[in-house]
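Chemist: sequence and predicted structure, then a few things I'm wondering about:
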Amino acid sequence: MKVLVTVKEVAEADDDFAIEGTEIVDSDLEYDLNEWDDYAVEAAVQLAEAGIADEVVTVTVGPERADETIRMALAKGADRAVRVWDEALEGSFADVASKVDLFEAVVDEEEPDLVLGGVQAADTGFGATGVALAERIGFEHAAVVNRLDVDADEGIAHVHRELEGGVEELTDVDLPAVLTVQTGLNEPRYASLRGIRQAQRKEIAAKDLDDLGLTAADVESALTITEMYEPESESDAEIIEGDAGESAGRLAEVLRDKGVGA
């Protein structure tokens, strides 16, 4: 059984950051493996360790910079990786539909039995890519999975889902399937030194649109970022500064003004 894991490199801004045009200045960003995808990688590796999965492959849409993040997944036990990028994607905002176009092409090449991914990304928070991919490729799907048991012989994934309002659902999903997982599904491992060394020798296959049989028009995003700004705070909170005596005096003054202890 082959497991394909969608892995995203997400950016987190520093506390103080600058905006140029419609983007945060790159030097003010730190890149890392998406938290939810980390749980998906762990689930896939555990399936391999249990002898259920024969191969774990990750797929990422991103520039060469993302190789560092991809190697984190390889160091944790994935066998190899596919990274998709093209000049046509540079500077554009990849919406759900365009990412699904790319993932669909990779699924056609890899022919996985199971596709795993995080339920959402820490940066955009759409929570739609996995289910949209399942619809496109005709796989069964389940979202917000927080417990997973795969029976490869029967071709079934037994899943436990966390729904709104505290509702818990147990269901069986026929393979092939796309499952998007929630945090808490497992305990993602830290990459060992041995795993990190091995990851340097594992394959990251870089593919562009031509390799996937796609054109720039095929993956043109329907979304355009028109403006980016840091919203002004409407809070009237006061930060009290100074030494202990000054701070205590000012605090007492504020409390008196508010009628506290009057």
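Modeler: Sure thing, it's come through.
Chemist: from here on, just use CA atoms for contacts and neighbour counts.
Modeler: OK.
Chemist: for this structure, what's the longest strand?
Modeler: strand 140-151 (DSSP state E).
Chemist: packing partners of that strand?
Modeler: Applying 3 or more Cα pairs under 8 Å, 6 or more residues apart in numbering; DSSP states H and E, we find strand 140-151 packed against helix 129-137, strand 156-162, strand 168-174, strand 177-181.
Chemist: what strands line up against the shortest one, and which way round?
Modeler: Using DSSP bridges, the strands paired with strand 177-181 in its sheet are strand 114-118 (parallel), strand 140-151 (parallel).
Chemist: so which bits of the longest one are buried?
Modeler: I take that to be strand 140-151. E140, H141, A142, A143, V144, V145, N146, R147, L148, V150 (16 or more other Cα atoms under 10 Å).
Chemist: where does the stretch 1-150 of the chain have low pLDDT?
Modeler: 92-93 (pLDDT under 70).
Chemist: deepest-packed of the helices and strands packed on strand 140-151, please.
Modeler: Mean neighbour count (mean count of other Cα atoms under 10 Å) peaks for strand 177-181 among the helices and strands packed on strand 140-151, with a mean of 27.
Chemist: alpha carbons only: can I get that one in PDB?
Modeler: Only the C-alpha atoms of strand 177-181 are listed here, as PDB (Å, rounded to 0.1, in the frame of the first residue of the first chain):
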ATOM      1  CA  ALA A 177      -9.400   7.500   0.200                       C
ATOM      2  CA  VAL A 178      -8.300  11.000   1.300                       C
ATOM      3  CA  LEU A 179      -8.200  11.600   5.000                       C
ATOM      4  CA  THR A 180      -7.500  15.000   6.600                       C
ATOM      5  CA  VAL A 181      -6.300  14.700  10.200                       C
END
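Chemist: one step back: quick one, the longest strand of the chain and strand 168-174 angle?
Modeler: Orientation check (axes from the mean of the first three to the mean of the last three Cα atoms, to 10 degrees): strand 140-151 against strand 168-174 gives 90 degrees.
Chemist: then strand 140-151 to PDB, C-alphas only?
Modeler: Extracted as PDB, the C-alpha positions of strand 140-151 are listed here (Å, rounded to 0.1, in the frame of the first residue of the first chain):
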ATOM      1  CA  GLU A 140     -13.800   8.500  -0.600                       C
ATOM      2  CA  HIS A 141     -12.900  11.000   2.100                       C
ATOM      3  CA  ALA A 142     -13.200  11.900   5.800                       C
ATOM      4  CA  ALA A 143     -12.200  15.100   7.500                       C
ATOM      5  CA  VAL A 144     -11.200  16.000  11.000                       C
ATOM      6  CA  VAL A 145      -9.900  12.500  11.800                       C
ATOM      7  CA  ASN A 146      -8.500  12.100  15.300                       C
ATOM      8  CA  ARG A 147      -8.200   8.300  15.300                       C
ATOM      9  CA  LEU A 148      -7.200   6.000  12.500                       C
ATOM     10  CA  ASP A 149      -7.000   2.200  12.000                       C
ATOM     11  CA  VAL A 150      -6.300   0.900   8.500                       C
ATOM     12  CA  ASP A 151      -7.200  -2.600   7.400                       C
END
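Chemist: need the three-state assignment for the closest residue in space to N146 that isn't next to it in sequence.
Modeler: Excluding its sequence neighbours, the residue lying closest to N146 (Cα to Cα, 6 or more residues apart in numbering) is L185, at 4.3 Å. Local secondary structure at L185 is given as coil here, using DSSP: H, G, I helix; E, B strand; the rest coil.
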